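>>> Sequence plus the predicted model coming up.
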Amino acid sequence: MKALLLKDKGQWREMKVEEFDKPVPANDEILVKVKAAGLNPVDYKTGQNGSPAWSYPHILGLDAAGVVEETGSGVSDIKEGDRVVVLADMARKGAFAEYLVTKAHTVSKLPENMSYRDAAALPVAAYTAYQALFYKLHIQKEKSILIHAGAGGVGGFAIQLAKYAGLKVITTASEENHDHVKNLGADYAIDYKKEDFVQKTKEYTDELGVNYILDTVGRENATKSLEALAFNGHIAFIAGQPEMNESISFAHPISFHHVALGSVYQSGNREEEMSLKLIGDHLLELLDKGKIKSLVEQVITLNEVPKGLEELETRKVKGKIVAEIH
């Protein structure tokens with residue numbers, strides 16, 4: 001098969017499409033012919049740092065949508081020809097290839113008329129947003145939320161899901177993306193380059209602060225975000241934990257939620273792995289019914305993936321980039 005090969009850690013910019021052995025599914029796995037693969041910041045970050053679990057050459061890519069070509073002997077609920085969306089295991093060969101294998105109980109079947117490119121935009125970004133909002137923060141209707149980096153993948157899906165759930169949504173984004181995030185459902189957009197997001201958030205919440213925060217930026221930003229939380233507020237973080245010790249106060253209690261969706265495959269917990277299917281099923285339903293958008297802004301080829309990852313590295317990309325494989 002053709003695959004985009006990472007020859008060693010740190011060499012993701014030099015990846016090229018070459019021939020590689022086609023994988024074979026184990027007893028509880030399926031072989032998927034990849035039609036489209038989504039790009040995410042985690043791809044270049046892990047490509048830079050590598051992983052002890054990898055052998056080289058490695059294949060990056062965690063978002064995939066395609067057709068089941070073969071099933072393991074223990075698989076009964078997925079069959080050849082099914083159209084599926086996959087969140088790949090970070091420790092194994094990934095989606096930037098013509099084929100990948102994955103555990104059958106983690107995939108979701110695509111609605112009849114859904115495109116592969118739209119489905120492939122979901123797994124890392126939308127699943128993470130969904131897990132953060134519904135599994136960790138347990139968001140409630142008519143509450144308020146601050147979502148950082150609303151023009152990005154996780155932020156963009158989080159805005160849509162929070163608005164779908166009936167929340168007041170505040171987000172941070174550069175000024176040129178304010179129309180975009182408001183079209184996704186944000187009630188207020190804060191220009192993080194020019195405005196103090198804590199001050200503006202307090203202004204938009206009658207000085208009380210927000211009930212929930214989703215931080216996708218990093219440790220320093222997450223720490224500052226604590227100042228914008230209301231009494232009994234909750235923060236979920238995916239890119240670095242806030243400084244907790246100094247922030248824990250009897251006078252202003254808050255809750256911390258660590259979101260690390262990709263590590264589920266290393267948990268050894270089949271029930272947690274199966275939650276990927278539950279999340280995927282609901283997101284595909286929402287996308288199919290027009291309740292959320294796929295956020296696909298660019299469609300590229302497999303050969304163009306390194307250039308697409310370089311664009312993501314600038315942190316100026318709006319929405320999602322998807323590579324069509326077949």
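Nice, thanks for sending it over.
>>> thought residue 280 was touching residue 111?
No. In terms of C-beta atoms under 8 Å, residue 280 does not count as a neighbour of residue 111; the distance is 11.5 Å. Every residue, glycine included, has its C-beta placed from N, CA and C.
>>> Compare neighbour counts for the two and give me the winner.
The residue with more neighbours, out of residue 280 and residue 111, is residue 280; 25 against 13, by other C-beta atoms under 10 Å.
>>> Which residue comes closest to the more buried one once chain neighbours are left out?
residue 108 (3.2 Å; C-beta to C-beta, 6 or more residues apart in numbering).
>>> What strand or helix carries residue 158?
In the assignment (DSSP states H and E), residue 158 maps to helix 153-164.
>>> Name the surrounding residues that touch that helix.
40, 121-122, 124-126, 128-130, 132-134, 139, 145, 147-150, 169, 171, 173, 181, 184-186, 214, 216, 238, 286, 291-293, 295, 319-320 (C-beta atoms under 8 Å, 6 or more residues apart in numbering).
>>> Mind doing that once more with 6 Å?
Helix 153-164 has contacts (C-beta atoms under 6 Å, 6 or more residues apart in numbering) with 125-126, 128-129, 133, 145, 147, 149-150, 169, 171, 184-186, 214, 216, 291-292, 295, 320.
>>> and the residue nearest to residue 280, how many neighbours?
By other C-beta under 10 Å, 25 other residues sit near residue 108.
>>> Quickly list what it is bridged to.
On the basis of DSSP bridges, residue 108 is bridged to residue 85.
>>> Please name the residues that touch it.
Residue 108 touches 85, 277, 280, 281, 284, counting by C-beta under 6 Å, 6+ apart.
>>> Give me the buried subset of those.
Taking 16 or more other C-beta atoms under 10 Å as the criterion, what is buried in the contacts of residue 108 is 85, 277, 280, 284.
>>> helix/strand/coil for the second one?
Recorded secondary structure, residue 277: helix (DSSP: H, G, I helix; E, B strand; the rest coil).
>>> wait, what's in contact with it?
Residues in contact with residue 277 (C-beta under 6 Å, 6+ apart) are 106, 108.
>>> do the same with the first one
The neighbourhood of residue 85, defined by C-beta under 6 Å, 6+ apart, consists of 65, 108, 119, 280.
>>> ok, so of these, who is nearest residue 19?
Taking C-beta to C-beta as the measure, residue 19 lies nearest residue 65 of the contacts of residue 85, at 22.9 Å.
>>> how close does the residue nearest the centre of the chain get to residue 119?
With distances taken as C-alpha atoms, centre = their mean, residue 125 lies nearest the centre of the chain, 1.6 Å away. Note on residue 125: its distance to residue 119, by C-beta to C-beta, to the nearest Å, is 12 Å.
>>> Dump the contacts of residue 108 to CSV, plus distance to residue 30.
Shown next, in CSV, are those (distance: C-beta to C-beta, whole Å):
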residue, distance to residue 30
85, 12
277, 12
280, 14
281, 16
284, 17
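>>> Now do the same for the residue of the chain positioned farthest from its centre: its pLDDT.
Distance from the C-alpha centroid of the chain peaks at residue 251, with 34.4 Å (C-alpha atoms, centre = their mean). Note on residue 251: pLDDT of 88.
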